[in-house]
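>>> Next one to model:
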Amino acid sequence: MITPAEAITLQEQLRARVITTDVLPRPIRTIAGTDVEYDKSTNLIAGSVVVMDYHTLAVLAVASHCMEVTFPYIPGLFSFREMPPLLEAYRQLQVEPDLIICDGQGLAHQRRFGLACHFGVTLDKPVIGCGKTRLCGEYDNLGETRGSIAPLIAEDDQALIGNALRTQNGINPVFVSTGHKVSLATATDIVLKIATQYRLPETTRLADHYARLALLAYKSGSKEPPAGI
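Purely as a prediction, here's the structure:
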């Protein structure tokens, strides 16, 4: 198993491969969301990937995978905990997504290489990071209305690493950043488009739902997580 020191070294090496400009299929037809669910009473983790029609948001494919956690809880190294089940789930998909939104950070990370970057570089796919909480960086003057944006600025070098985005009026923002092959502007526009009714994009909400179902099914004795469709 990789050590924390080796994981940090790998992040620093792979960071150079991140592409921060748009390298997207045109038109975009399918979009995927990823999320993981941890079991509080065991060492189990479930990862799910949901593929949706980009325009209608109809669910096209779902895949999930449950397994034992293989990496310790260390801030800044979450991708090494969450990538194994997500990659296994991704390999089961019957529909290839054009674009992926990860429930996690991309460049808005201490070493500019969060889960969305790691996932994108590993798969060589366009990936957006959309985190529920701010991992690093500072922002201010974020408006209260849907679509309001405030730049997320790194404390160390004052670089632009993401955007705080208000997806619904008067609720807490999400934190959008480039993962791979997507510009920050495009990533922000897409997250806002996909967050149709709630704070989180529909891709993340459904991936979270299926990860929970997969974990429940696995714990009940079914080793095959629900396919969802």
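
>>> So which elements touch the worst-scoring helix or strand of the chain on mean pLDDT?
The helix or strand of the chain with the lowest confidence, counting by mean pLDDT, DSSP states H and E, is helix 202-219 at a mean of 92. For helix 202-219, the elements it packs on are strand 30-38, strand 44-53, strand 59-68, judged by 3 or more C-beta pairs under 8 Å, 6 or more residues apart in numbering; DSSP states H and E. (Glycine included, C-beta is placed from N, CA and C.)

>>> could you point out which element follows the last one?
Using DSSP states H and E, the next helix or strand after strand 59-68 towards the C-terminus is helix 79-92.

>>> angle of that following helix against helix 202-219?
Counting by axes from the mean of the first three to the mean of the last three C-alpha atoms, to 10 degrees, helix 79-92 lies at 90 degrees to helix 202-219.

>>> Which strand residues bridge Val49?
Taking DSSP bridges as the rule, Val49 bridges to Thr34, Ala63.

>>> okay but it is in contact with Leu87, surely?
No. Applying C-beta atoms under 8 Å as the test, Val49 and Leu87 come out as separate, 9.4 Å apart.

>>> Between those two, which is the more surrounded one?
Taking other C-beta atoms under 10 Å, Val49 and Leu87 do not tie; Val49 has more neighbours (30 against 16).

>>> need the contact list for the more buried one.
32-34, 62-64, 86, 89-90, 93, 97, 100, 207 (C-beta atoms under 8 Å, 6 or more residues apart in numbering).

>>> Check Thr204 too.
Gly33, Thr34, Asp35, Ile101, Asp103, Cys130.

>>> Let me have those in JSON lines, adding pLDDT as columns.
Below are the contacts of Thr204 laid out as JSON lines (pLDDT from 0 to 100):
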{"residue": "Gly33", "pLDDT": "97"}
{"residue": "Thr34", "pLDDT": "96"}
{"residue": "Asp35", "pLDDT": "95"}
{"residue": "Ile101", "pLDDT": "97"}
{"residue": "Asp103", "pLDDT": "94"}
{"residue": "Cys130", "pLDDT": "97"}
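
>>> Considering those, which is situated nearest to Glu155?
Cys130 (21.0 Å; C-beta to C-beta).

>>> Wasn't that closest one part of a helix?
No. Counting by DSSP: H, G, I helix; E, B strand; the rest coil, Cys130 is not found in a helix; it is strand.

>>> Would you mind confirming that it makes contact with Ile190?
No. When contacts are counted by C-beta under 8 Å, Cys130 is not listed as touching Ile190 (9.2 Å).
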